[in-house]
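>>> how would this look folded up:
(2 chains)
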Amino acid sequence: MERYLLKNLAYLIGTMAAVSFIVFALTEATPGDVARKILGAYATDEQVSHLRKEMRLDRPLVERYVEYVGKLATGDLGYSNRFKVPVQDIVWDRLANTALLAAVAFVIIVPLSMLLGMLAGMREGSKLDRSILLIGTILASVPEFAMGVFLASIFVVWLGWLPGTATLVAGGSWSLASQMVLPVTVIVLFDMGYVICMIRASMVETMQRPFVRTAVLKGMAFRQVILGHALRNAMMNPVTVILLQITYLVTGVVVVETLFAYPGYGRMMLEAALFKDIALLEIGVLIAVVVAVGTQILGDLGYRMLDPRIRL
Amino acid sequence: MTDQALLQFQDTRISYFIRAGEANVIPGLNFTLGHNEALGLVGESGCGKSTVALAIMSYLGRAGRVTGGRILFEGRDLAAMSEDELRRIRGKRIAMVYQDPMSSLNPVMTVGRQLMEVPLLHDAIGEDEARRRALHMLDEVKLPDPDAMMERYPHQLSGGQQQRIVIAMALIAGPALLVMDEPTTGLDVTVEAAVLDLVRELRQRHRSAILFISHNLGTVAHVCDRIGVMYGGELVEQGPIRQVFADPRHPYTRGLLDCLPTLGRDKRSSRLTPIPGQVGSPLSRPVGCGFANRCAHAESPRCTAQAIPSVALKAAPEHRAMCVRAEELPPFRRTVTAADAPTLEGKIESAVGVDRLKMFYRRSHGIFGGAGDVVRAVNDVELVAAKGRTLAIVGESGCGKSSLAKVLAGLETATDGDVTLGGRSVGHTAIENRPADLKRKLQMVFQNPDSTLNPSHTVGYAIGRALARLKGVTGTAARQQVERLLEIVKLPAAFANHHPHQLSGGQKQRVAIARALAGDADVIVADEPVSALDVSVQASIINLLNELQTERGATLIFISHDLAVVRYLADQVAVMYLGRIVEAGPVDAVFRPPFHPYTEALLSAVPQPDPDASHARIVLEGSPPAPTEEIVGCPFASRCPRKVGPICDASPPPEQMQASGHRIACHIPVADLARLNAVGVPAV
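Numbers count the residues shown, from 1 in each chain, chains lettered A, B, ... in the order given. Next comes the predicted model:
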């Protein structure tokens, strides 16, 4: 166990170092000039080169990278050129907003898709199974933006029940809770279709395994067989997939955030990338790595809890 | 028989409804099982044995249905019961033991909990009482340290221990009927012997009736009082076990006995007689006898014109056969045909030499995991495979026989020592680095033909590709050679256009052999090539291997756990234990005293298809040491029933060589080993 954690810590640090350097290098290597971006199209070349000197962009890449990492170590996350504030003033707010969105969605997705996936998979080919599978497949195949526009046109434009944007600004005519409804719904519906299909497939496979037959032929009722024997085995494979959804929910919901003007992490990253806001981008990417590796460790731990054969 | 039979099949008709229509697997089955009786059901795969077992449990799946007749259990029709009624019977009155114990147990639940579930479910008792009963059962099935065993998970147990758990789970509620579906298939021979002994013993104590399903006539003979032979879903012969074995009246029963290699037969004394043809499809049944098209005694029209009833024999009314000629067939005698195998005389030329071979590998702990323990898969093995002869390597699972085969084939390389092929060193050369002519020289045939043939390629393509790679033959010449190869393995030329899924298991194995022959291999390494096949198919493949050897002078290295097959087919035998050869020599010498104590135990464990075969079994205690352990003395010392003393642990046993080339690695002097009883070698 200690060995496992140490190994993963090393893995995490290694990945962070590699990814941050690649991002650093990539933003440098792509065409376009940071100084020009900051100053805008109407600045003179002289002004631009002056800023370049001031920002010391003329030094070699590695040197600047080392200096950057040194600053990070002292807690200085840098200055966001896009938002004109220190990085720590924007990144944590945005992350918290997205975490809220992700947490609400995750809490809905997991139990609901477990229940539906299990109900579908326990009797393969039944009417219930086919209905759930059909709905799951449809939900998983409609793109987020299409689903968002569709729901918004019903609930915002037509019925007028919900706000069309979720800027999280209190004091307007819409409460914060009501602003959350549409973004959460779109994420839940889109993501759940996929998770349901995964859990169902695992359940179907589990129900065909001989130990389920053993349980039935012991004289157990179907319900007892499902809850006592099938469920835990059926959750083993999906647990990794379910935890991977956390990574998606934190770093991949940029479409939904953009659609509803939600001030979240995904949109922040998009803007930082378009603007070559290296300082912000770097921190954002490092956060993404932590989230990804962290959920992976969680997944391994969950897997180990479910399966006594696994030793870490 | 007392008031009523325990279990009765009355004209039971069972079908599976599949896309192609109704597959009538059981056309109308009649048999009775009395209280405390043990009935063995035998037959090849696809004859409906497992369907009978699952029908008793009312677990035929969605596609299966009892479409006629009744299955009476204690006077009540199982097929007409509701789910609730069935639930009260399952596990309590009727319990089942399955073929593959590992997958029959829930991997994420302790075995103790799985045992306790049964009494908790059926008897109104509390946790403590259930635990007490579970502990008692663990003791009865002779598992060591029941308290600790309760907390184990299935993967922490060996195959034999898992099967004991499944048996304990079946008997814990005191069922009236125990259905055992191939309970020892897949277990090692010594483990199988111990499990069969346990079943026999528990049967006497628990007074449960047993329906014992097996493809192995030997195991049935060991456990049952009565036997039923199934063919095409019908019970073609049934009767008291001694009677049926002594005087089988149905040609199918005779065929099964004839194609079985036993410890008393070898290729020089008699040829195996496979049953011609294949089991017919349950989608279309003939009017008359289902076996007529494969039967040597069939007579038209009386065998084929109308349905054949099951008739009691005049001399023995308990003995019934479903054959119009049952009374008139001559007394049964093992078919003995002239042997066509070459004798062992003549100069022995080495085809493959194994010189102090070691193959170690490290069990890794994943990336960053560092070095794991060293597994000594093959440890100092010295062997010679004579040209044009068969060398068999026997041993239980994990003894290193497959690792040895892998080094021979170049799939692994030697850690130390060497392998020579026709005098050239190949032990350290992986297959991809071997020159083309060496690749051609040695080819392999594997156990499972399903996984070695690519399902999306035709047979012709698979063989043609081997021809192109090994001999550079393409185009028309290749097509001709494919036909010739198919002819050699006795398959019709049209099979070149078939895909593997269109072939039966035996046919697939023939294709695999044809592919191995494509480069005119001198040496064929066959790793358990007949283990997954039915007995009659097994017989024909064994005959084929024999013929190939006689006609082409090929050297065969035959790896097997089945001693009867080895006895039949081999010229030289090497017995492996824990990566080492404990005994080797000519087949006659190895299967006769003096024995290595391990060979003796192995031989005594082979189930004989003869209810009167009564010899003392040598039950091996414990399981072999882990292959990672470094052993100074004799590898078998920890389990040897004839252990001499500390010397066995302290120093490696001397290799005692005899004039015939027979060698035994043991501290006991050969003169003493020669006094051991000859086991399992009845007269032919």
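>>> Can you pull the residues of chain A lying near chain B?
Selection of chain A residues close to chain B by CB under 8 Å from any CB of the partner chain yields A:7, A:10, A:125, A:209-211, A:213-221, A:224, A:228-229, A:232-233, A:236, A:306-309. Just so you know, the C-beta spots here come from the backbone N, C-alpha and C atoms, and that holds for glycine as well.
>>> make it 10 Å
A:3-4, A:6-8, A:10-11, A:123-126, A:208-222, A:224, A:228-230, A:232-233, A:235-236, A:305-309, A:312 (CB under 10 Å from any CB of the partner chain).
>>> Could you identify the buried members of these?
A:4, A:7-8, A:123-124, A:209-220, A:224, A:228-230, A:232-233, A:235-236, A:306-308 (16 or more other CB atoms under 10 Å in any protein chain shown).
>>> Okay, and the residue nearest to A:R209 when sequence neighbours are not counted sits in which element?
Counting by CB to CB, 6 or more residues apart in numbering or on different chains, B:S103 is the residue found nearest to A:R209 once chain neighbours are left out, at 6.4 Å. Following DSSP states H and E, one finds B:S103 within helix B:101-104.
>>> Quick one: mean pLDDT over that helix.
Throughout helix B:101-104, pLDDT has a mean value of 92.
>>> gap between it and the chain center?
17 Å (CA atoms, centre = their mean, to the nearest Å).
>>> tell me what that helix is packed against?
In terms of contacts (3 or more CB pairs under 10 Å, 6 or more residues apart in numbering or on different chains; DSSP states H and E), helix B:101-104 is packed against helix A:210-217, helix B:159-171.
>>> possible to save the ones you listed as a markdown table with distance to A:T44 and mean pLDDT?
Shown next, in a markdown table, are the helices and strands packed on helix B:101-104 (distance: least, CB to CB, whole Å; pLDDT from 0 to 100):
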| stretch | distance to A:T44 | mean pLDDT |
| --- | --- | --- |
| helix A:210-217 | 76 | 94 |
| helix B:159-171 | 82 | 92 |
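>>> Tabulate the ones you listed (CSV), appending distance to B:S403.
Listed next are those as CSV, based on distance: least, CB to CB, whole Å:
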stretch, distance to B:S403
helix A:210-217, 29
helix B:159-171, 19
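>>> Please name whichever of those is nearest to B:A674.
When the helices and strands packed on helix B:101-104 are compared by CB to CB, helix B:159-171 sits nearest B:A674, at 31.2 Å.
>>> and the closest one, C-alpha only, in CSV?
The C-alpha coordinates for helix B:159-171 follow below in CSV (Å, rounded to 0.1, in the frame of the first residue of the first chain):
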residue,chain,number,x,y,z
GLY,B,159,-8.7,-26.0,-7.3
GLY,B,160,-9.2,-29.0,-5.1
GLN,B,161,-10.0,-26.9,-2.1
GLN,B,162,-12.4,-24.9,-4.0
GLN,B,163,-14.2,-28.0,-5.1
ARG,B,164,-14.4,-29.2,-1.5
ILE,B,165,-16.0,-25.9,-0.6
VAL,B,166,-18.6,-26.3,-3.4
ILE,B,167,-19.3,-29.9,-2.1
ALA,B,168,-19.6,-28.6,1.5
MET,B,169,-22.0,-25.9,0.3
ALA,B,170,-24.1,-28.6,-1.5
LEU,B,171,-24.3,-30.9,1.5
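>>> between that helix and helix A:210-217, how many degrees?
Relative orientation of helix B:159-171 versus helix A:210-217 (axes from the mean of the first three to the mean of the last three CA atoms, to 10 degrees): 20 degrees.
>>> I'd like the next helix or strand past helix B:159-171.
Downstream of helix B:159-171 (by DSSP H and E), the next one is strand B:177-181.
>>> Can you give the strand pairings for that next one, parallel or anti for each?
strand B:94-97 (parallel), strand B:209-214 (parallel) (DSSP bridges).
>>> May I see these arranged in CSV, with distance to A:E63, mean pLDDT and mean neighbour count as well?
Shown next, in CSV, are these (distance: least, CB to CB, whole Å; pLDDT from 0 to 100; neighbours: other CB atoms under 10 Å in any protein chain shown):
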stretch, distance to A:E63, mean pLDDT, mean neighbour count
strand B:94-97, 73, 94, 28
strand B:209-214, 77, 94, 25
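>>> For those strands, give me a markdown table that also has distance to A:T247.
Formatted as a markdown table, these follow (distance: least, CB to CB, whole Å):
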| stretch | distance to A:T247 |
| --- | --- |
| strand B:94-97 | 45 |
| strand B:209-214 | 50 |
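>>> Surely A:L100 is in contact with A:L168, unless I've mixed up the numbering?
Yes: using CB atoms under 10 Å, A:L100 is in contact with A:L168, at 8.8 Å.
>>> what sits in contact with each of those two?
Common contacts of A:L100 and A:L168, defined by CB atoms under 10 Å, 6 or more residues apart in numbering or on different chains, comprise A:176, A:180, A:264.
>>> all strands in the stretch 301-450 of chain B, in order from the N-terminus.
B:311-312, B:320-321, B:350-362, B:374-386, B:390-394, B:416-421, B:424-425, B:442-445 (DSSP state E, counting those that start in this stretch).
>>> Okay, angle between the fifth one and strand B:350-362 too, please.
Translated: strand B:390-394. 20 degrees.
>>> Now do strand B:390-394 against strand B:374-386, angle only.
Using the same axes, to 10 degrees: strand B:390-394 against strand B:374-386 is 160 degrees.
>>> Dump strand B:390-394 to PDB, keeping only the CA atoms.
Extracted C-alpha coordinates of strand B:390-394, given in PDB (Å, rounded to 0.1, in the frame of the first residue of the first chain):
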ATOM      1  CA  THR B 390       7.400 -40.300 -29.100                       C
ATOM      2  CA  LEU B 391       8.600 -38.700 -25.900                       C
ATOM      3  CA  ALA B 392       5.900 -38.000 -23.400                       C
ATOM      4  CA  ILE B 393       6.300 -35.500 -20.600                       C
ATOM      5  CA  VAL B 394       3.800 -36.000 -17.800                       C
END
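>>> so what strands line up beside that strand?
strand B:555-560 (parallel), strand B:572-577 (parallel).
>>> so which strand or helix has the closest residue to A:Y68 other than its chain neighbours?
In this structure, A:Y68 finds its nearest non-sequential neighbour in A:F24, 6.9 Å apart by CB to CB, 6+ apart. According to DSSP H and E, A:F24 maps onto helix A:2-29.
>>> Roughly how far does the closest residue to B:M657 other than its chain neighbours sit from B:I18?
Ranked by CB to CB, 6+ apart and with sequence neighbours excluded, the top spatial neighbour of B:M657 is B:R663, at 4.8 Å. B:R663 sits 56 Å away from B:I18, going by CB to CB, to the nearest Å.
>>> Quick check on those two: which one has the bigger neighbour count.
B:R663 (22 against 12; other CB atoms under 10 Å in any protein chain shown).
>>> Break down chain A into its helices, ranges please.
With DSSP state H as the criterion, chain A has helices at A:2-29, A:34-39, A:45-54, A:61-73, A:87-122, A:127-141, A:144-152, A:176-207, A:210-217, A:222-224, A:231-251, A:254-259, A:265-275, A:278-306.
>>> Select, out of those helices, the one closest to B:A5.
Taking CB to CB, helix A:210-217 is the member of the helices of chain A nearest to B:A5, at 22.0 Å.
>>> What is the closest one packed up against?
With contacts defined as 3+ CB pairs under 10 Å, 6+ apart, helix A:210-217 has these neighbours: helix A:222-224, helix A:231-251, helix B:83-89, strand B:94-97, helix B:101-104, helix B:111-122, helix B:159-171.
>>> you'd agree the residue nearest to B:M657 is up against B:V573?
No: assessed by CB under 10 Å, B:R663 is found out of contact with B:V573, at 11.3 Å.
>>> list residues touching both of those two?
B:583-585, B:589-590.
>>> can you redo those as TSV with distance to chain A, neighbour count and pLDDT?
Below are the shared contacts of B:R663 and B:V573 laid out as TSV (distance: CB to the nearest CB, whole Å; neighbours: other CB atoms under 10 Å in any protein chain shown; pLDDT from 0 to 100):
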residue	distance to chain A	neighbour count	pLDDT
B:E583	37	28	95
B:A584	38	26	95
B:G585	42	19	93
B:A589	43	21	90
B:V590	38	28	91
